[in-house]
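Asker: Requesting a structural model of the entry that follows:
(chains A and B, ligands or ions: 1)
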Amino acid sequence: MPKTLYDKLWEEHHITTLDSSESLLYIDRQYLHEVTSPQAFEGLSKKGLSPWRLNANIATPDHNVPTERGESFKTENIKDEISKIQVTELDKNCNKFGIKQFDITSINQGIVHVIGPELGYTLPGMTIVCGDSHTSTHGAFGCLAMGIGTSEVEHVLATQTLKVSKLKNMRVKFSGEPQEGVTSKDIVLFLIRTIGTAGGNGHAIEFAGSYIESISMEARMTICNMSIEAGAKVGLIAPDATTFNYVKDHSQLSEEEFEDAISHWTSLVSDNDASFDKEIAIDVSLIKPQVTWGTSPEMVVDFDQEIPNLDFVDGENKRNFELAKKYMGIEENQKVTDLKFDRVFIGSCTNSRIEDLRDAAKVVDGKKVSEDIIEAIVVPGSGLVKEQAESEGLHIIFEEAGFMWRDPGCSMCLGMNPDQLKPYERCASTSNRNFEGRQGNLGRTHLMSPLMAALTAVNGRVVDPS
Amino acid sequence: MKIEGNELIIGGVVASIDRDNIDTDQIIPTEYLKSIKKFGFEDYLFDGWRYLDEGKLGVSKNDREQNPDFILNQAPYDKATILLTRDNFGCGSSREHAVWALRDFGIKIVIASSFGDIFYNNCFKNGVLPIKLDKNKIEDLFQKMSDSSADLSVSLDSKKIFQNENELYSFDVEDNLLERIIYGLDDVDMTLKHKDKILAFEQTRMKNTPWIFSND
Ligand code: SF4
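Answerer: Model prediction:
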């Protein structure tokens, strides 16, 4: 029977069927961070167990870490006492169990989903889990990668397996060439707008088509990253030459291992006649830059389009739209371009890779951050991204324009560290969630691409990129 | 949970929140994820809606300014054991803290037309039963629950929902998932029964795809 890429990954890792629809899958890699791991380590200790395969685990602190650290910063320098406890706990647990950690002092520290691929720990064909929903990012390498809860983090530590039910198959084919100023972020926002935040529930989404084949690993990661906002905990892209080149540059594999692996990796594609439970085709050449206006990632408009008028919204959506408009401080007949912005955040596991920073820097070069903007920050996804950007002089472009150039972490994506919005502040953000209060109590988030966010910083408003 | 006749029943007050897409940031904001404990999240459930002031980990309900308009601050809903809501409940982050907050507050059942996949899974690990019903039944339930004296009981054996002894609907949930809730089974213990199979699988995998193990 013809198989999809997801079917193949499933079978390759399938240990046994349990007495239910669930199966036990073997897990190749687990990424750990400070927020969803302490209770898992505690559970492990209580049972008197140690990690099943120590080397499968890689840890780094990211959610809580301050992003103004400067030189020789250590965990004990974290000012917020409660954040410090959590980061300290990760240090302690990694030491106690012997897990490899890139701690706050390491050049390799960063957002888990940025450092995994970058350090070559993410390889095609792996099963990858992390106590974080954006684990879907690693699907860009043809991995079966998914976010899990803390109980499952403990389960993977203890057994190297996960109990899961098989998902359904969905394929999204992107064809065509994007217009100028349109990036992979716009394309994934457009998809979420089209299928809704529950559109991918219960499915693994494979992204395919000529557009996907043409883009870089960074752009692919942005798309897989936001599969979870489309409701799918798994996003996938078949590995190809672009993938292999990236892996060759980043992994520690020897020449021989690499050659060996490639012959296996090339088989990781959906068979021609494989059938999908759901299929969607999107012509990306029709997509304009996308911006969210509301409090759900499906509340998206073209940057120059009117935000839905409540008079023209039907029953069920009406309630949601009304609440969202009220929360976001949006009046009838407004466009996103009519709104005045207070802050700009360029960062997060969606858009903090080198390509994203280059995109933003290009727009900012030689310009100044608008006086209307209280603060514009750039937070590289990892120490290595930061280093690379600095070697290209991007930090100078940003700083001369009036941006703050920060140290790596999740930062204002979720505001667990000091980077937060104040009530009613409006933020142009390259992150992935515009939920109420996500970036700070009563803060107002508009998701967009790094290019659009940089333009917003310079103009104080969303403007036409062309 | 109690036993009535031969049936295992969860019943009680139903709090309705008429919204789609309630995400885990709403269920428990990020501030509280700084806890390294697994319990004690009851006061932070729906924090942004429940209080008028901004909260901090460790500050309890009594020291906060409660929003009198929010349903969980009103009797009898402050003792609710069942939550009724709309579509895609628990979407967003994988934080299990969202389920811990519901559980610690006393919510044993969440009824919605659909759930975020990761949240749905997390529920069964913490004794909270997510029940999926069609949108028209959810609509009907919202009507029926508009009266504050209305409550529901749910039979775990027959997988049926009752109002005052009258059967309203049946629902579907996998038996083994339900058993985890009923018996409070621990997944790690259950999986370790397959230890030999896991070991054998791992050995083969090391042979077939050695690069995965050499790259650590
Ligand atoms: S950057 Fe944001 S979405 Fe990504 S892992 Fe960090 S908090 Fe989660």
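Asker: what packs against the lengthiest helix in chain B?
Answerer: When every helix of chain B is counted residue by residue (DSSP state H), the longest turns out to be helix B:195-208. When contacts are defined as 3 or more CB pairs under 8 Å, 6 or more residues apart in numbering or on different chains; DSSP states H and E, helix B:195-208 packs onto strand A:14-17, strand A:22-26, helix B:211-214. C-beta: built from backbone N, CA, C; applies to glycine.
Asker: Distance from stretch A:235-254 to the middle of the chain?
Answerer: On the basis of CA atoms, centre = their mean, to the nearest Å, stretch A:235-254 sits 18 Å off its chain's mean C-alpha point.
Asker: Could you tell me how many residues sit around the nearest residue to A:Ser133 once chain neighbours are set aside?
Answerer: The spatial neighbour of A:Ser133 that comes closest, neighbours along the chain excluded (CB to CB, 6 or more residues apart in numbering or on different chains), is A:Gly147 at 3.6 Å. A:Gly147 is surrounded by 23 other residues when neighbours are defined as other CB atoms under 10 Å in any protein chain shown.
Asker: now A:Val336
Answerer: Under the neighbour criterion other CB under 10 Å, A:Val336 is assigned a count of 27.
Asker: closest point of chain B to the ligand, which residue?
Answerer: Nearest to the ligand in chain B, going by CB to the nearest ligand atom, is B:Ser93, at a distance of 6.9 Å.
Asker: nearest residue to A:Asn108 other than its sequence neighbours?
Answerer: In space, not counting the residues next to it along the chain, A:Asn108 is nearest to A:Phe102; the distance is 4.1 Å by CB to CB, 6+ apart.
Asker: Surely the one you found is in contact with A:His33?
Answerer: No - counting by CB atoms under 8 Å, no contact exists between A:Phe102 and A:His33, whose distance comes to 10.6 Å.
Asker: list residues touching both of those two?
Answerer: Each of A:Ala59, A:Thr60 lies in contact with both A:Phe102 and A:His33 under the rule CB atoms under 8 Å, 6 or more residues apart in numbering or on different chains.
Asker: The two: who's more crowded?
Answerer: More neighbours surround A:His33 than the other of A:Phe102 and A:His33, with 25 against 21 (other CB under 10 Å).
Asker: Return the most buried member of the helices and strands packed on helix B:195-208.
Answerer: Comparing those on average neighbours per residue, with mean count of other CB atoms under 10 Å in any protein chain shown, the densest one is strand A:22-26 at a mean of 20.
Asker: what about residue 123, neighbour count?
Answerer: No chain specified, so I'll use chain A. The criterion is other CB under 10 Å. On that basis, A:Leu123 has 28 neighbouring residues.
Asker: Let me rephrase: I mean chain B.
Answerer: Neighbouring residues of B:Cys123 were enumerated by other CB under 10 Å; the total is 25.
Asker: and it, what does it touch?
Answerer: Neighbour list for B:Cys123: B:Gly90, B:Val99, B:Val110, B:Phe115, B:Leu129, B:Pro130 [criterion: CB under 8 Å, 6+ apart].
Asker: check these against chain A, which are close?
Answerer: B:Val99, B:Phe115 (CB under 8 Å from any CB of the partner chain).
Asker: so what's the nearest residue to A:Trp52 once chain neighbours are set aside up against?
Answerer: Distance criterion CB to CB, 6+ apart; nearest residue to A:Trp52, sequence neighbours excluded, is A:Gln160 at 4.0 Å. For A:Gln160, the residues meeting the contact criterion (CB under 8 Å, 6+ apart) are A:Tyr26, A:Ile27, A:Trp52, A:Arg53, A:Ala56, B:Ile198, B:Glu202.
Asker: For those residues, give me JSON lines that also has distance to A:Thr445 and pLDDT.
Answerer: JSON lines is the format used below for the contacts of A:Gln160 (distance: CB to CB, whole Å; pLDDT from 0 to 100):
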{"residue": "A:Tyr26", "distance to A:Thr445": "38", "pLDDT": "98"}
{"residue": "A:Ile27", "distance to A:Thr445": "33", "pLDDT": "98"}
{"residue": "A:Trp52", "distance to A:Thr445": "39", "pLDDT": "98"}
{"residue": "A:Arg53", "distance to A:Thr445": "39", "pLDDT": "97"}
{"residue": "A:Ala56", "distance to A:Thr445": "35", "pLDDT": "98"}
{"residue": "B:Ile198", "distance to A:Thr445": "42", "pLDDT": "98"}
{"residue": "B:Glu202", "distance to A:Thr445": "43", "pLDDT": "98"}
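Asker: between those, which is nearest the ligand?
Answerer: The shortest separation between the ligand and any of the contacts of A:Gln160 is 18.8 Å, and it belongs to A:Ile27 (by CB to the nearest ligand atom).
Asker: Contact distance from the ligand - what residues of the stretch 251-400 of chain A qualify?
Answerer: A:Ser348, A:Cys349 (CB under 6 Å from any ligand atom).
Asker: all strands for the stretch 251-400 of chain A, in order.
Answerer: Taking DSSP state E, counting those that start in this stretch as the criterion, the stretch 251-400 of chain A carries its strands at A:278-283, A:290-292, A:300-302, A:343-346, A:375-378.
Asker: partners of the second one, with directions?
Answerer: With DSSP bridges as the test, strand A:290-292 is paired with strand A:300-302 (antiparallel).
Asker: average model confidence for the partner strand?
Answerer: Model confidence over strand A:300-302 averages 98 on the pLDDT scale.
Asker: ok, and what's touching that strand?
Answerer: The contact list for strand A:300-302, computed with CB under 8 Å, 6+ apart, reads A:189-190, A:192-193, A:288-293, A:307-308, A:335-336, A:447.
Asker: Most widely separated two among these?
Answerer: Taking CB to CB as the measure, these span a maximum distance of 19.7 Å, between A:Ile192 and A:Lys335.
Asker: So for whichever helix or strand A:Asn245 is part of, mean pLDDT?
Answerer: Secondary-structure element containing A:Asn245, defined by DSSP states H and E: helix A:241-250. Averaged across helix A:241-250, the pLDDT comes to 97.
Asker: returning to what we had before: how about the helices and strands packed on helix B:195-208 in JSON lines, adding distance to B:Met145?
Answerer: As requested, these are exported to JSON lines (distance: least, CB to CB, whole Å):
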{"stretch": "strand A:14-17", "distance to B:Met145": "39"}
{"stretch": "strand A:22-26", "distance to B:Met145": "33"}
{"stretch": "helix B:211-214", "distance to B:Met145": "51"}
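Asker: Which one of those has the poorest average confidence?
Answerer: Looking across those, the weakest by mean pLDDT turns out to be helix B:211-214, at a mean of 92.
Asker: Of the helices and strands packed on helix B:195-208, which is nearest B:Phe171?
Answerer: Proximity to B:Phe171, assessed across the helices and strands packed on helix B:195-208 by CB to CB, is greatest for strand A:22-26 (19.1 Å).
Asker: Quick one: find the helix or strand in chain B with the lowest mean pLDDT.
Answerer: Using mean pLDDT, DSSP states H and E, the weakest-scoring helix or strand in chain B turns out to be strand B:2-4, at a mean of 72.
Asker: residue ranges with poor pLDDT in chain B?
Answerer: By pLDDT under 70, the weakly predicted segments of chain B are B:1, B:215-216.
Asker: tell me the phi and psi of the residue nearest to A:Asn108?
Answerer: Listed backbone geometry of A:Phe102 is phi -100, psi 100, with angles given as degrees, to the nearest 10.
Asker: Quick check: pLDDT value at it.
Answerer: pLDDT for A:Phe102: 98.
Asker: ditto for the one 3 residues further on
Answerer: Note on A:Thr105: pLDDT of 96.
Asker: gap between the residue in the stretch 51-200 of chain A that chain B sits nearest to and A:Ala158?
Answerer: Nearest residue of the stretch 51-200 of chain A to chain B (CB to the nearest CB) works out as A:Asn55 at 3.4 Å. Applying CB to CB, to the nearest Å, one obtains 15 Å for the distance of A:Asn55 from A:Ala158.
Asker: I appreciate the help and will end here.
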